[in-house]
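Peer 1: predicted coordinates and the sequence they were generated for:
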Amino acid sequence: MADCIKDIRNKVGHEPIILNFAGGILVNQSNQVLLQKRSDLNQWGLPGSALEFGETAESACRREFIEETGLHINIDSLLGISTNHIQHYPNGDVAQAIATFFVVKYCQGILNSQNDETLDLKYFSKDNLPRIFNHQHETCLK
């Protein structure tokens, strides 16, 4: 998807565009939620990212969990869809984020933050969350 977004950006520059995202909430046995410290913004949020062309939100969520956390997950239920956030990126890009969030369950794998999109992965208590990078993710965590 990064190449698709780069292709679009080569044509429209930093002009506002609409992007579709999918992500999920994974809660451990201690009722803590998994958060990812994102490399693009150096801030915390839920694992997930943009859909690739032709991909469903469910498959994008599963793919992103593998890529960003090393974990294989199953989709448990739809948490919600958010359409009211305009994201301003450090490079000047602007996008309206259409985000689909799922409640997910751990299936297999070992937590691994060694990838280009992740600086850190940690479980946090819902009453002791770090600063979250955008309003859509904050709303999902409430």
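Peer 2: Perfect, I can see it now.
Peer 1: quick one: distance of stretch 118-125 to the chain centre.
Peer 2: Distance of stretch 118-125 from the chain centroid (Cα atoms, centre = their mean, to the nearest Å) equals 13 Å.
Peer 1: now do it, average pLDDT.
Peer 2: Confidence for stretch 118-125, expressed as mean pLDDT, is 97.
Peer 1: got the buried residues for that stretch?
Peer 2: 118, 121 (16 or more other Cβ atoms under 10 Å). C-beta: built from backbone N, CA, C; applies to glycine.
Peer 1: and for that stretch, what are the contacting residues?
Peer 2: Residues outside stretch 118-125 that contact it (Cβ atoms under 8 Å, 6 or more residues apart in numbering) are 28, 30-39, 42, 68-69, 111-113, 130.
Peer 1: one more time with 6 Å
Peer 2: Here stretch 118-125 makes contact (Cβ atoms under 6 Å, 6 or more residues apart in numbering) with 28, 32-37, 39, 68-69, 111, 113.
Peer 1: so which of those residues are in helices?
Peer 2: 68-69 (DSSP state H).
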